[in-house]
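Participant: Please work out how this folds:
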Amino acid sequence: MASPAPPKIDRRTLLIGGGAGIGLVVAWGLWPRRYSGNLTADKGESVFGAWLKIGDDGHVTVAVPQAEHGQGVYTTLPQIIADELGADWRTVAVEAAPFNPLYANALGARELFEQPGDGLIKTWREAHAGRMGLMLTAGSTSVRAFEDPLRAAGAAARVLLCKAAARRWKVEWQACTTAEGFVVHGNNRLRFAELATEAVGGTLPDPLPLRGDGG
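Facilitator: A predicted model of the protein is given here:
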């Protein structure tokens, strides 16, 4: 019995198939993903997302994904959170961020490896930086890359602390503010340390109220 003839693959079929394969690879590389934070709490600490923890003694620990090369990122980046949160700067500590795509410096990757007119490759490169968790300190990108997520983290923690205090005082949380490590409403004051445990896990408004934007 004669063996069946092998299928004929012409150049056009090969190009179409190859193009489809490349398209799938690119699509997979650009497909949006969500990552969970893996910041760990020490004894007596409550974790507020991927960027900060508040201890039952009132200290605030900020996760910093950048290396300190004498340019002040271990001061500048925590200060962004402290200002947005309303923390007492004297109680703010720093720790190196754990490995996680949330801390990838896609802006740094773009500026280090960008080529003129690279279009889709630039988008793929930035997405790939996140996939592989590319944590790098370069190109004066620390503040530009992380100011927005740090501000959002500080604002989120501030809202959750205000909500916890407002429940105790039976007032609207929007009427509360924070300053120097306290939630404040009129003459009422509660330290972050007193509220952190019950504040974790609350719901957040969308958009977050940022300081300077009416928050």
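Participant: which stretches of this structure aren't confidently modelled?
Facilitator: 1-35, 109, 111-136, 138, 214-215 (pLDDT under 70).
Participant: secondary structure element for the spatially closest residue to residue 176 that is not a sequence neighbour?
Facilitator: Spatial nearest neighbour of residue 176, excluding adjacent residues (CB to CB, 6 or more residues apart in numbering): residue 162 at 4.0 Å. Heads up, the C-betas are built off the backbone N, CA and C, glycines and all. Following DSSP states H and E, one finds residue 162 within helix 142-169.
Participant: Buried ones in that helix, by neighbour count?
Facilitator: Residues of helix 142-169 classed as buried by neighbour count (16 or more other CB atoms under 10 Å): 142, 145-146, 149-166.
Participant: Going by contacts, tell me the helices and strands next to it.
Facilitator: strand 45-48, strand 52-55, helix 73-85, helix 106-113, strand 177-179, strand 182-185, strand 188-191, helix 192-199 (3 or more CB pairs under 8 Å, 6 or more residues apart in numbering; DSSP states H and E).
Participant: Would you mind getting the angle between that helix and helix 192-199?
Facilitator: Here the directions of helix 142-169 and helix 192-199 differ by 80 degrees (axes from the mean of the first three to the mean of the last three CA atoms, to 10 degrees).
Participant: got the angle for helix 142-169 vs helix 73-85?
Facilitator: 40 degrees.
Participant: Mean neighbour count, the helices and strands packed on helix 142-169: which tops it?
Facilitator: Looking across the helices and strands packed on helix 142-169 with neighbours counted as mean count of other CB atoms under 10 Å, the highest average goes to strand 52-55: a mean of 24.
Participant: who touches it?
Facilitator: For strand 52-55, contacts defined as CB atoms under 8 Å, 6 or more residues apart in numbering pick out 39, 41-42, 44-48, 60-63, 81, 85, 153-154, 157, 192-193, 196.
Participant: One more pass at 6 Å, please.
Facilitator: Around strand 52-55, the neighbours that count as contacts under CB atoms under 6 Å, 6 or more residues apart in numbering are 41, 44-47, 60-62, 81, 153, 192, 196.
Participant: from those residues, which single one is nearest residue 211?
Facilitator: If you rank those by distance to residue 211 using CB to CB, residue 81 comes first, at 11.5 Å.
Participant: nearest spatial neighbour of that closest one, skipping sequence neighbours?
Facilitator: Leaving aside its chain neighbours, residue 81 sits nearest to residue 154 (4.2 Å; criterion: CB to CB, 6+ apart).
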